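Asker: Predicted structure and sequence below. I'll ask about it afterward.
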Amino acid sequence: MNTTLESQGDYNGVPAYYFDNRMPGPLLSHQERWDELSRAHPAFRNTLAQGHWVVTDGQSVQEALQDWRTFSSTSVTVLNPEPNFLWIPEMLDPPLHTKWRRLLGEEFGPKSIAARESEIRAIAVEFIDRLLPAGGADVLDEFARRFPTLIFMRLMGLPEEDLEQFLEWVHEMLHLSHTEDPDHRRQMAAMTAALAYFQQQIAERRESPRADLLSRMMQWRIDGETLSDYDMHAFCILMFQAGFDTVPIGLGWMLYHFASHPEQRAALVADPALIPNGVEEVLRVYSFVVPARKAMRDTEIGGCPVKSGEMVMLPLAVCNRDADRFDNPEEIDLDRATNNHIAFGSGPHRCLGSHLARLELNIAMEEWHRRIPDYRIAPGQTLEQTGNMYGLVSLRLEW
Ligand code: HEM
C-alpha cells in the first residue's frame with residue numbers, strides 16, 4: 001500500500017503515527033488501511049504537520065459528527081485549523097447553518113429533485129448512447145465526470161457551453177497530485193478563475209434575474225438581510241467540491257465494481273429492482289469521504305485527550321465497514337436488508353445533495369445496464385485511487 005503510515009510510538013498515552021492520507025494508492029488501499037487501523041485502536045494521534053487526532057471507532061465517528069457544539073465545522077481541513085476562507089453551508093455551525101439549510105432544503109429536497117427525473121434520465125441516455133458505438137472508453141472522463149457536472153450546471157442556471165471549462169477547473173482544483181502541483185499554484189489559479197467566473201454570473205443576475213437557483217438565492221433573507229456576493233461565492237465554491245467530485249467518484253466505483261463482479265452485474269441486469277441496493281452498498285463499502293472537525297472545548301474521544309482548537313479527522317469508512325454494524329462489512333450484498341450507512345455523513349451537515357446524488361446514480365446505473373449489459377475492465381491498465389477523497393484516477397472499460 002502506498003498510503004504513508006509510520007508508527008511513532010505514543011503521544012500522551014495514545015498510539016501515534018505519521019500518516020499521510022492524501023497519497024494515492026492501489027485499489028481499496030485507503031479503505032483497507034482504515035479497517036486495519038480501526039481493528040488496532042479506537043483513535044490515534046497523527047504527527048503529520050502540526051498534528052491532529054484521528055478517530056477509528058465507527059460509533060465515535062458518528063457521535064462526533066452529531067455533536068456540533070463540541071466538534072465545530074468552522075474548519076473542516078485537518079491541516080488548516082484557521083482557514084481564511086469560508087464554504088457555505090459546510091463551514092457554518094448552527095444556528096446560522098440551520099437557517100441556510102432550511103432555505104437550501106427547498107431546492108435540494110426530495111420533491112424538487114424528483115421533479116427533475118426525466119431531465120436527468122434524458123442526459124444520462126444521451127451520454128451513454130454517444131459512447132455505445134465506440135465499444136470502450138475511459139468511463140470516468142467520458143461519462144462519470146460529465147453527466148453530474150452538466151446536471152449541476154443546469155440546476156444552477158450556468159451556460160452549458162462552459163462544461164469543458166468546468167471540467168478543467170475541477171481537475172485543476174481537486175485532482176492534481178503533489179508532484180504535478182507541489183506549490184498549489186495550479187490549484188490556486190483554477191480557484192481564482194472559477195471565482196471570477198462566478199462573480200460575473202452573480203453580477204449578471206443582480207442586473208437581470210432569471211429562473212435559476214442563483215437568481216432565486218438573491219431573494220433569500222437570512223436574519224432580515226439579503227445574501228451578499230461574498231456569501232453567494234462561498235456557496236458556489238463549496239458546490240465545486242461537494243457536487244462535482246463525489247457523484248463521479250461514486251459512479252466510477254459502481255462501474256468498476258460491477259465490471260469486476262460479473263455475477264452481481266448479471267443479477268442487476270436481470271432484475272433492475274436490485275439497483276438501489278447496489279448503489280447504497282457501493283457507497284458504503286467504497287466509502288470515500290473523510291470529514292474533519294475542530295474541537296471547541298477540551299474533550300475526550302476514543303481515549304484521546306483533545307484540546308480546544310485541535311482538529312479531529314472522522315473517516316466515514318470506519319463506520320460503514322464496521323463489523324459491529326454490518327455482517328461481512330467489506331462485501332457488497334445486493335440483498336442486504338438494513339443499510340444504515342453514513343456515506344452521506346451524519347448530523348446537521350448530512351449531505352444536502354443526497355437526493356440528487358441518489359437519483360443520478362440510480363438513473364445512471366439503470367440506463368447503463370439497459371444499454372450496455374455486458375462490459376469488462378480493459379486489459380493493460382493499472383488501477384489506482386487518489387488520496388483525500390478516494391476515487392479512481394481513470395477506468396477504461398470495454399463492451
Ligand atoms: C455520492 C455522492 C455524494 C456523497 C457520497 C456525498 C457525501 C457528503 C458528505 C459525507 C457530507 C458531509 C460532510 C461533513 O460532514 O463535513 C456532504 C455534505 C454536503 N454535500 Fe454531499 N455528497 C454527495 C453528493 C453531493 C451532491 C451531488 C451535492 C450537490 C448538490 C452535494 C452537496 C453537499 C453540500 C452542500 C454539503 C454540505 C452540507 C452542510 O454542510 O450542511 N453532495 N456530502
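Answerer: Received, thanks.
Asker: Run a quick neighbour tally on S112.
Answerer: As a burial measure, S112 scores 14 neighbours (other C-beta atoms under 10 Å). From N, CA and C alone the C-beta is placed, and that goes for glycine too.
Asker: what sits against it?
Answerer: E106 (C-beta atoms under 8 Å, 6 or more residues apart in numbering).
Asker: and it, that's in a strand?
Answerer: No. In this structure, S112 is helix, not part of a strand, as judged by DSSP: H, G, I helix; E, B strand; the rest coil.
Asker: Name the residue closest to the centre of this structure, please.
Answerer: T246 (3.6 Å; C-alpha atoms, centre = their mean).
Asker: That one - nearest residue in space that isn't next to it in sequence?
Answerer: Nearest non-adjacent residue to T246, counting by C-beta to C-beta, 6 or more residues apart in numbering: A357, 6.6 Å away.
Asker: re the thing from before, quick one, grab the pLDDT at the residue nearest to the centre of the chain.
Answerer: Predicted confidence (pLDDT) for T246: 94.
Asker: Would you quantify the distance from it to F44?
Answerer: Counting by C-beta to C-beta, to the nearest Å, the gap from T246 to F44 is 27 Å.
Asker: Can you tell me what sits against stretch 160-171?
Answerer: Residues contacting stretch 160-171 (C-beta under 8 Å, 6+ apart): 145-146, 149-150, 153-154, 158, 190, 193-194, 197, 240, 244-245.
Asker: now that stretch: how far from the chain's centre is it?
Answerer: Mean-position distance between stretch 160-171 and its chain equals 18 Å (C-alpha atoms, centre = their mean, to the nearest Å).
Asker: swap in stretch 22-36?
Answerer: On C-alpha atoms, centre = their mean, the centre of stretch 22-36 falls 16 Å from the chain's centre.
Asker: tell me, how many neighbours does whichever residue of the stretch 251-399 of the chain sits closest to the ligand end up with?
Answerer: Closest residue of the stretch 251-399 of the chain to the ligand, C-beta to the nearest ligand atom: G353 (2.1 Å). Residue neighbour count, defined by other C-beta under 10 Å, stands at 20 for G353.
Asker: next one: the one 5 residues further on
Answerer: Using other C-beta under 10 Å, R358 is surrounded by 20 other residues.
Asker: again with H171
Answerer: 16.
Asker: looking at this, it is in a helix?
Answerer: Yes. Using three-state DSSP, the assignment for H171 is a helix.
Asker: pLDDT value on it, please?
Answerer: 87.
Asker: One more: N2?
Answerer: 48.
Asker: R210 too?
Answerer: Reading off the model, R210 has pLDDT 93.
Asker: mind checking the backbone torsions on it?
Answerer: Dihedral pair for R210: phi -120, psi -180, per degrees, to the nearest 10.
Asker: Surely it and G157 touch.
Answerer: Yes. Assessed by C-beta atoms under 8 Å, R210 is found in contact with G157 at 5.8 Å.
Asker: Neighbour count: the two, which is higher?
Answerer: Legend: neighbour count by other C-beta under 10 Å for R210 and G157, higher for G157 (15 against 11).
Asker: show me what contacts the more buried one?
Answerer: Per C-beta under 8 Å, 6+ apart, neighbours of G157: 210-215.
Asker: which parts of this structure sit against the ligand?
Answerer: For the chain, the residues in contact with the ligand (C-beta under 6 Å from any ligand atom) are 65, 76, 89-90, 101, 108, 238, 242-243, 246-247, 250, 283, 289, 291, 343-345, 349, 351-353, 356-357.
Asker: go with 5 Å
Answerer: 89-90, 242-243, 246-247, 250, 289, 291, 343-345, 349, 351-353, 356-357 (C-beta under 5 Å from any ligand atom).
Asker: Give the next helix or strand downstream of the helix or strand of the chain with the lowest mean pLDDT.
Answerer: In the chain, no helix or strand scores lower on mean pLDDT, DSSP states H and E than helix 229-244, which sits at a mean of 87. Sequence-wise, the next helix or strand downstream of helix 229-244 (DSSP states H and E) is helix 246-260.
Asker: what's the model's confidence in stretch 152-168, averaged?
Answerer: Per-residue scores along stretch 152-168 average to 91.
Asker: Which secondary structure state does D93 sit in?
Answerer: Classified using three-state DSSP, D93 is coil.
Asker: right, and it touches S73 too?
Answerer: Yes. The criterion here is C-beta under 8 Å, and D93 meets it with S73 at 5.8 Å.
Asker: Please identify which of these two sits among more neighbours.
Answerer: More crowded of D93 and S73, by other C-beta under 10 Å: S73, with 22 against 19.
Asker: Leaving out sequence neighbours, find the closest residue to the more buried one.
Answerer: M91 (5.4 Å).
Asker: Give me the neighbour count for A203.
Answerer: 10.
Asker: Okay, and it sits in which element?
Answerer: Counting by DSSP H and E, A203 is found in helix 185-207.
Asker: next one: F19
Answerer: strand 14-20.
Asker: so what does that strand touch, helix or strand wise?
Answerer: The contact analysis (3 or more C-beta pairs under 8 Å, 6 or more residues apart in numbering; DSSP states H and E) places strand 14-20 against strand 4-11, strand 43-46.
Asker: Least reliable of those strands by average pLDDT, please.
Answerer: Among those, strand 4-11 scores lowest, with a mean of 90.
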